[in-house]
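**Q** got a predicted structure plus its sequence, pasted below:
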Amino acid sequence: MSHSDQLQNPYTRGIADFIGTLQYDAIPAPVIERIKLLMLDSLGCAIYGSQLPWSRILMETLGEVDTTAGGCTVWGTNQRLSAPHAALVNGTLVQSFELDDVHRVGVLHVGAVTLPSLFAAAEINPGMNGRDFLTACVAGYEIGPRVGMCMGQEHIAQGWHSGATVGVFSAAAAAAAALKLTPQQTVHALGIAGTQASGLMAAQFGAMVKRMHAGRAAQSGLYGALLARRGFTGIMDVFENPYGGFCSTFSRSTDRFDMAKLTAGLGERFETTQIALKFYSCVGSNHTTLDAIRNMQARHPFGVADVEKIQVRGSRVTVDHVGWKYVPQGLTSAQLNLPYCVATLLLDGDAFVEQFTEEKVTDPERIRVSNLVEVIEDPAITARGSVYRHMVHVKAVLRDGTVLNETVETPRGSEYSFASPEQVIAKFRKLTSHRLSAVHSERIIEQVMQAEKMSSAGDLAKLLALPAAPQ
């Protein structure tokens, strides 16, 4: 009996069968409409991010080492890179300013790891039409969140950055579907991607490299699909293997992951509709607190001068992930730190792109106000599990003795109160206005919203490029 015959890989194979056999007509219409909005949101985040300093460093560095002619589009620029480098940069762009989507239970920014791999595959496979493009997109958006749900909150709590680890499977799934790999080839694509998974949560404390984690995951998934197409083999039981498998390696113990969640409801229940969007330019764990403060201000107007103390009670993940005492360590750290983001909202009235600059990271007034914010664990929230990991109880104590309380379970734009098409399009226009003309932005919106009509998905990729400067 061969080794492959002895394999116990029902979950890896189940995922591969889904990816390899998914048809456009099997996807419910609401999922198609949602995937377009999610795609548009991620593209807007990327185009905005193309002008940021860490993005420019990455593009310039890879441009110097990349000798591949032709190449693929780097969104929001007139630069082209090889397919793997384009995936690396574009994933970094989507994640570049804490603006992109999140699957809350799976703890994954899905667009940042899925779309760069998919677009690269589309550009090197120019025959892909719009329906096939959307089908591959859904495949990627479905798989990564399920891997995150399998791993649970402990995965990120023990120090792994899920975008960099879990994200490789969304990227591989999308690229495998785009390249029309067989289920057997897709098993190998997943196994090649899974062994490249890595990323440390310590990157959130001021390092530019945190922005790059999604790009590396997208690149790894693309490599997996491209290599598997040529017959390169991967770990065939990448999820199930008890020694060195993804689940057993990235979790402290077997009772911390649940492989049944990898395939439960696959093709029937679509996790794509459970992905939330951001309307603050900071990590998703902070949004419920910011919403709570806005709600309290609407009910009882107060400003920063009125605040004596703000206490936030949340899950253990919230405390570990965003609740540390603020110390200036760079813009990445500021956007992840909850006390800093609360200070930003109180001082500026919002927490979008204009409110986060390098100069404000060391602003003494922001630091002073951040020290008024205390973040502590509420064991009852922790006990409710990952579905409620963003839930917070916020208490604002004002100088005049007023005490305000607000509980928020899910933020604006969440899967429970998803944004309208108009709100998503408005966010896209606002972000892309920094880089593109209004006419150019409208052409992208139209193409995404009618993506199923594309004769070639490469047409959308071309639209994402910045027009070349006149000679």
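**A** Noted; the coordinates are in hand.

**Q** what does the host helix or strand of Gly191 contact?
**A** Secondary-structure assignment from DSSP states H and E places Gly191 in helix 183-194. Outside of helix 183-194, the residues within contact range by CB atoms under 8 Å, 6 or more residues apart in numbering are 9, 12-13, 15-17, 19-21, 168-169, 171-173, 175-176, 181, 220-221, 223-225, 227-229, 232-239, 246. To be clear about C-beta, it is placed using only N, CA and C from the backbone, and glycine gets the same treatment.

**Q** cool, stretch 350-359 as well?
**A** Contacts for stretch 350-359 (CB under 8 Å, 6+ apart): 48, 97, 99, 279-282, 286, 290, 331, 334-335, 341, 344-345, 348, 431.

**Q** identify each buried residue in it, please.
**A** Ala351, Phe352, Val353, Gln355, Phe356 (16 or more other CB atoms under 10 Å).

**Q** put the alpha carbons of that stretch into CSV.
**A** C-alpha atoms of stretch 350-359 as CSV (Å, rounded to 0.1, in the frame of the first residue of the first chain):
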residue,chain,number,x,y,z
ASP,A,350,-12.8,60.5,14.0
ALA,A,351,-10.2,57.8,13.5
PHE,A,352,-9.9,57.6,9.7
VAL,A,353,-6.8,58.0,7.5
GLU,A,354,-6.4,61.8,8.1
GLN,A,355,-6.1,61.2,11.9
PHE,A,356,-3.1,58.9,11.7
THR,A,357,0.2,60.5,10.8
GLU,A,358,3.8,59.9,11.9
GLU,A,359,3.8,63.3,13.6
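
**Q** tell me the confidence at the closest residue to Thr254 other than its chain neighbours?
**A** Closest residue to Thr254 apart from its sequence neighbours, by CB to CB, 6 or more residues apart in numbering: Ser248 at 7.0 Å. In this model, Ser248 is scored at 95, pLDDT.

**Q** same question, Thr114
**A** Confidence for Thr114, expressed as pLDDT, is 98.

**Q** gap between it and Met391?
**A** To Met391, Thr114 is 27 Å away according to CB to CB, to the nearest Å.

**Q** neighbour count winner among the two?
**A** Thr114 (39 against 20; other CB atoms under 10 Å).

**Q** wasn't that one part of a helix?
**A** Yes. Under the criterion used here (DSSP: H, G, I helix; E, B strand; the rest coil), Thr114 sits inside a helix.

**Q** tell me which residues touch it, please.
**A** Cys137, Gly140, Tyr141, Gly144, Ser170, Ala171, Ala173, Ala174, Ala218.

**Q** mind doing that once more with 7 Å?
**A** Cys137, Gly140, Tyr141, Gly144, Ser170, Ala171, Ala174 (CB atoms under 7 Å, 6 or more residues apart in numbering).

**Q** circling back to that earlier point, what's the very next helix or strand once past the helix holding Gly191 packed up against?
**A** Note on helix 183-194: by DSSP H and E, the next helix or strand toward the C-terminus is helix 209-229. Contacts defined by 3 or more CB pairs under 7 Å, 6 or more residues apart in numbering; DSSP states H and E place helix 209-229 against helix 83-94, helix 110-123, helix 162-165, helix 167-178, helix 183-194.
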